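Asks: quick one, what's the 3D model for this:
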Amino acid sequence: MSTTVEKWPTFMSKLTRQQEIAERTMSFSFEKPAGWTFKAGQFIDMTLLDPSETDAEGNKRGFSIASAPHEATLMVATRMRDTAFKRILHSMSLGNSVKIEGPFGNLTLHNNVERAAVLLAGGIGITPFRSIVFSAAKAKLPQRIFLFFSNRRPEDASFLQELQQLEQENANYKLIATMTKMEKSNKAWTGETGEINKELLSRYLTDAKSPIYYIAGPPKMVKSLHEMLSKMGVDDDDIRTEEFTGY
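Replies: A predicted model of the protein is given here:
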């Protein structure tokens, strides 16, 4: 009996823009090939081509796609740790290429628009959710979407301003940003403080209809929030997670 190996789309893509979007956090935009599509919330694998240095972590990384499918370029974002991969990526000249494979993953919005979506993001875990909320606004989905976004300080919160502005475009979308270390911030903050917890969720989800929960962020946070939701009686089938390691 013969077996077939599924081959993912692979293409070379040129860097078109890089931008600092929070302290020690960069976004990188690449050309998107004609006809290549993905679903909001998916990720890609990116490989550096003949880098001048490498380390034990190798030349390939997985990145959630931060851009929405309708946007002109393919954008990823990452914390800038001191690794060979990220040093090369940061120093890359516009017009240079990387190899991209994908898309992969199923952290995508459920189809039943009657059920609310509750997105719980920690730090750079915001990337797949940025794609989802901008895609939902573009499609004018009637779905209620609640985005809880936890950071230490406003300085660390990637895409914060545009996520706030999106509320003006989509009445069905609500952003609840919260800061856990405001004593270390130099910015003013009038929003929520403290970690995402049961009390914070209950204050904002009073009219959320049979929600499905999505969690993305560092493994420790994902595990903690998953356990919290389970103790709140949320069925495991209604919890979807993605861990961001090494960021």
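
Asks: how about the secondary structure of the nearest residue to Glu114 once chain neighbours are set aside?
Replies: Excluding the flanking residues, the one nearest Glu114 by Cβ to Cβ, 6 or more residues apart in numbering is Lys209, at 6.4 Å. Heads up, the C-betas are built off the backbone N, CA and C, glycines and all. Classification of Lys209 using DSSP: H, G, I helix; E, B strand; the rest coil returns coil.

Asks: what sits against Ala208?
Replies: For Ala208, the contacting residues are Ala116, Val118, Arg144, Phe146, by Cβ atoms under 8 Å, 6 or more residues apart in numbering.

Asks: and the average pLDDT for the lengthiest strand in the chain is what?
Replies: Longest strand of the chain, by residue count under DSSP state E: strand 10-22. The average pLDDT within strand 10-22 is 96.

Asks: what is it packed up against?
Replies: The contact analysis (3 or more Cβ pairs under 8 Å, 6 or more residues apart in numbering; DSSP states H and E) places strand 10-22 against strand 25-31, strand 73-79, strand 97-104.

Asks: repeat that for 6 Å
Replies: strand 25-31, strand 97-104 (3 or more Cβ pairs under 6 Å, 6 or more residues apart in numbering; DSSP states H and E).

Asks: got those as CSV, with distance to Thr245 and mean neighbour count columns?
Replies: Converted to CSV, these look like this (distance: least, Cβ to Cβ, whole Å; neighbours: other Cβ atoms under 10 Å):
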stretch, distance to Thr245, mean neighbour count
strand 25-31, 16, 20
strand 97-104, 16, 18
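
Asks: nearest to Glu57, out of those strands?
Replies: strand 97-104 (15.7 Å; Cβ to Cβ).

Asks: list the contacts for the nearest residue to Thr16 once chain neighbours are set aside?
Replies: Nearest residue to Thr16, sequence neighbours excluded (Cβ to Cβ, 6+ apart): Ser29, at 5.0 Å. Applying Cβ atoms under 6 Å, 6 or more residues apart in numbering, we find Ser29 in contact with Thr16, Arg17, Thr73, Met75.

Asks: quick check: the gap between the last one and Leu163.
Replies: Shown here: Met75 relative to Leu163, a distance of 14 Å by Cβ to Cβ, to the nearest Å.

Asks: before we move on, what about the first one?
Replies: As defined by Cβ to Cβ, Thr16 lies at a distance of 22 Å from Leu163.

Asks: ok, those two, which is more surrounded?
Replies: Neighbours were counted for Thr16 and for Leu163 using other Cβ atoms under 10 Å; Leu163 has more, 21 against 16.

Asks: which strand or helix spans the more buried one?
Replies: helix 160-169 (DSSP states H and E).

Asks: residues of that helix that come out buried?
Replies: For helix 160-169, a neighbour-count test (16 or more other Cβ atoms under 10 Å) marks Leu160, Leu163, Leu166 as buried.
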